[in-house]
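Participant: With the sequence up front, the predicted model follows.
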Amino acid sequence: MVNKNSETVGLRKLAVESGMIDPKIIRVKDIVLGEWVRWKCKYGCPDYGMWLTCPPCSPTPTETRALLREYKRALLFRMKPDKGKMMKSLANLERRVFLGGHPKALAFSGGSCNLCRVCNVQSRTCRKPEIARPSMEACGIDVFETVRRVGYQISILKDKTSELTYFGMVLID
């Protein structure tokens, strides 16, 4: 039998080693979804429809809700705002969690993908499926409410010069 406390420490350590900041193990039931989140993508985000990891190509809140019913825990963390490295680090963490005994490990990023200069949206074929992950927002996850529920501080940016805080997540089991 695995000691849950030592497993939690090990998962958090993997996250830190992968470049994540302040990782926490959370209950999946603390993840908040909302239809409005994708509407904010559609009516407000300049990247809408430009990436396969974003709406309208990403999973809907209904599909995400169904997926979350298959999990109990997730690893949630802050991410450094370097998009290229961020996606690679996230995919690496997902792989390490998977190899560590969690075959259902599945990662979500924050914000749009930007791995490629131009995405293959028309052909619906990702050039980097081993690295690209959908953002939590793209799948209908209310990041603000979710991270507040589990104790992170987050605020709405007042202007485009403010530094973004990205959050990422790996569903565990």
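Facilitator: It's in.
Participant: Which positions in the longest helix along the chain come out as buried?
Facilitator: Longest helix in the chain by number of residues (criterion: DSSP state H): helix 83-99. Using 16 or more other Cβ atoms under 10 Å as the test for burial, helix 83-99 gives 83, 86-94, 96-98. Where you see a C-beta, it was placed from the backbone N, CA and C, and this is true even at glycine.
Participant: which of those residues lies closest to residue 173?
Facilitator: residue 97 (9.6 Å; Cβ to Cβ).
Participant: Now residue 70: closest residue in space, sequence neighbours ignored.
Facilitator: In this structure, residue 70 finds its nearest non-sequential neighbour in residue 104, 7.1 Å apart by Cβ to Cβ, 6 or more residues apart in numbering.
Participant: Count the residues that sit near the closest residue to residue 168 other than its chain neighbours.
Facilitator: Nearest non-adjacent residue to residue 168, counting by Cβ to Cβ, 6+ apart: residue 79, 4.7 Å away. Other residues near residue 79 come to 26 when the count uses other Cβ atoms under 10 Å.
Participant: For this structure, which segments are assigned as strands?
Facilitator: Using DSSP state E, the strands of the chain run over 21-27, 73-79, 106-108, 166-171.
Participant: right, so those strands: which one is the most enclosed?
Facilitator: strand 166-171 (a mean of 25; mean count of other Cβ atoms under 10 Å).
Participant: what lines up beside that one in the sheet?
Facilitator: Strand pairing for strand 166-171, determined by DSSP bridges: strand 73-79 (antiparallel), strand 106-108 (antiparallel).
Participant: wait, what's in contact with the residue nearest the centre of the chain?
Facilitator: By Cα atoms, centre = their mean, the chain has its centre lying nearest to residue 108, at 2.4 Å. If you count contacts by Cβ atoms under 8 Å, 6 or more residues apart in numbering, residue 108 has them with 133-136, 139, 141, 168-171.
Participant: do residue 139 as well
Facilitator: Residues in contact with residue 139 (Cβ under 8 Å, 6+ apart) are 58-61, 63-64, 108.
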